[in-house]
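Enquirer: just coords:
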């Protein structure tokens, strides 16, 4: 998502989204925005890793491509 951080005259920040062409946050501090972004990225990473582990746990890694999925035994043979 493309976002632009804008410092306001009151010392706080506004965040403009080029996707919705509007402000998505207004009058927030650096720490508030940092917490927002960490939460968003954590959710993305968790979703990605859930998919990888599901492939490994259900042995679907043989059927479809899942990066970095390999059994321990297979790794030891290579």
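Expert: Arrived safely, thanks for sending. It should be emphasised that the depicted structure is a prediction, and the values quoted were computed from it without experimental measurement.

Enquirer: Show me what the longest helix belonging to the chain is packed up against.
Expert: As assigned by DSSP state H, the longest helix anywhere in the chain is helix 30-57. Here helix 30-57 touches strand 13-17, strand 22-28, going by 3 or more Cβ pairs under 8 Å, 6 or more residues apart in numbering; DSSP states H and E. Bear in mind the C-beta positions are built from the backbone N, C-alpha and C, glycine included.

Enquirer: roughly how far out does that helix sit from the chain middle?
Expert: 5 Å (Cα atoms, centre = their mean, to the nearest Å).

Enquirer: re earlier: columns mean pLDDT and distance to residue 6 on top of the helices and strands packed on helix 30-57, output as JSON lines?
Expert: What follows is the helices and strands packed on helix 30-57, written out as JSON lines (pLDDT from 0 to 100; distance: least, Cβ to Cβ, whole Å):
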{"stretch": "strand 13-17", "mean pLDDT": "97", "distance to residue 6": "5"}
{"stretch": "strand 22-28", "mean pLDDT": "97", "distance to residue 6": "8"}
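
Enquirer: which of the ones you listed sits most buried?
Expert: strand 13-17 (a mean of 16; mean count of other Cβ atoms under 10 Å).

Enquirer: so how far is residue 38 from residue 8?
Expert: From residue 8 over to residue 38 the distance is 22 Å, taken as Cβ to Cβ, to the nearest Å.

Enquirer: likewise residue 9?
Expert: Residue 9 is 27 Å from residue 38, by Cβ to Cβ.

Enquirer: Of those two, give the one with the bigger neighbour count.
Expert: A count of neighbours by other Cβ atoms under 10 Å puts residue 38 above the other of residue 9 and residue 38, at 10 against 5.

Enquirer: Residue 12: what's it in contact with?
Expert: Going by Cβ atoms under 8 Å, 6 or more residues apart in numbering, residue 12 touches 27-29.

Enquirer: now with 10 Å?
Expert: Listed by Cβ atoms under 10 Å, 6 or more residues apart in numbering, the contact set of residue 12 reads 6, 25-30, 32-33.
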